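*Asks:* Fold the following.
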Amino acid sequence: MTKHTYIKGLAAAALFGLSSVAAQAEEVIRAITFVPAQVSFARNFQGFVDLVNERGEGVVQIQVIGGPETIPMARMGDAQKNGIADMFMLPAGLYLNLVPEGEAFAGSNRDPMSLRADGGIDLVNKAFHAKGNAHVLAHVDGGAGFHLWTTKKPGIDENGQIDLSGIRLRSSPLYRAFLEKLGATIVVQAAGEVYTSLERGVVDGTGWPVTGLRDYGWDKFLKYRINPSFFQTDVLVSMNLDSWNGLSDEAKAIVNQAAIDHEKSSYEANVALNVTEGEILAEGGIETIELTGEQRETFLRTAYDIAWERLKGRDATMHDELKAVFFEDF
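*Replies:* Just a heads-up that it's a prediction; the model follows:
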């Protein structure tokens, strides 16, 4: 071997070694979304992914590996706890059986940025760490609540309140008790099953935010929207706690700051999108039933009381502390 060849060999080996170190240094976070890629929540999450990947080049990257076709929504809380994937874009309401304190997000009437500033994320993470082996990074796509959407016009009871007797509504576990309180017959099913259920008359409506409704095509069947919205959308970006703790300090800083920035930008974008989507749905023929005055207050009071009482019934340990931060009485 000549001296020149030997030096070239050393240089190549050194370059290969540096490349290997660089490749190993870039940490990869495998992410799952609770809705398919075409639904607005998943599209919004992609904005967060792009933000991390841009800022984290050479340090940390997020790779979206699937949605409910990969892990069914009902199993995602357990999947996160067990580390089946590293990061989840997942509503707290889908795994209240593991972390009942997640109820605080839906039961909140404050915006995510104010909650963070007042220590809400740090507070609720005590429960998510201990019970869900999860670390909440951000409450995203805030600024919206759930509406009732029906194919039949609901009645009014003797007290002047909405009466859903005789109406079969698709529900998630999050707002099942509230819809039952209003007299509805409940069908619990995944969002992906609702189109067929509406088409076949298996259900007469559903609870859902304004955003994402058209993505699923449900507007083809729905005729009525009930205002006001109730609860607050509780979509979280969170990580398996072991995966989070395993990140380098530099990677954590990048991901955490991106989560804070996306929490704010997604809130602002969602508020604007709600207006736009609401107008499109109205133009498409969906009639809005607007509750006002005492009727409106009773409707909202019933919803919020159910959320906080449900948390107290499951585990009262943090109820008072969480409600003091997450809820402003009206």
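
*Asks:* Run a quick neighbour tally on Gly217.
*Replies:* 12 (other C-beta atoms under 10 Å). C-beta: built from backbone N, CA, C; applies to glycine.

*Asks:* meant to ask about Phe330
*Replies:* 8.

*Asks:* What of Lys153?
*Replies:* 10.

*Asks:* And Lys312, by the same measure?
*Replies:* There are 16 residues near Lys312, going by other C-beta under 10 Å.

*Asks:* give me the element it is part of.
*Replies:* Per DSSP states H and E, Lys312 falls inside helix 293-314.

*Asks:* which of the residues in that helix are buried?
*Replies:* 299-300, 302-304, 306-308, 310-312 (16 or more other C-beta atoms under 10 Å).

*Asks:* With stretch 186-194 instead?
*Replies:* 186-187, 189, 191-192, 194.

*Asks:* CA atoms of it as CSV?
*Replies:* Below are the C-alpha coordinates for stretch 186-194, written out as CSV (Å, rounded to 0.1, in the frame of the first residue of the first chain):
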residue,chain,number,x,y,z
ILE,A,186,-76.0,6.5,22.3
VAL,A,187,-74.0,4.6,19.7
VAL,A,188,-70.3,4.6,20.5
GLN,A,189,-68.2,4.1,17.4
ALA,A,190,-65.0,5.3,15.7
ALA,A,191,-65.2,8.4,13.5
GLY,A,192,-64.4,6.2,10.4
GLU,A,193,-67.7,4.3,10.9
VAL,A,194,-70.0,7.3,11.1
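
*Asks:* For it, give me every contacting residue.
*Replies:* Outside stretch 186-194, the residues that touch it by C-beta atoms under 8 Å, 6 or more residues apart in numbering are 35-36, 68, 72-74, 168-173, 176, 179-180, 197, 202-203, 206, 208, 216, 218.

*Asks:* can you rerun that using 6 Å?
*Replies:* 73, 168, 170-171, 176, 179-180, 203, 206 (C-beta atoms under 6 Å, 6 or more residues apart in numbering).

*Asks:* any idea which of those is closest to Asp234?
*Replies:* Set against Asp234, the nearest of the contacts of stretch 186-194 by C-beta to C-beta is Met73 (13.5 Å).

*Asks:* next SSE after whichever strand or helix holds Glu54?
*Replies:* Under the criterion of DSSP H and E, Glu54 resides in helix 40-55. For helix 40-55, the succeeding helix or strand toward the C-terminus, using DSSP H and E, is strand 60-66.
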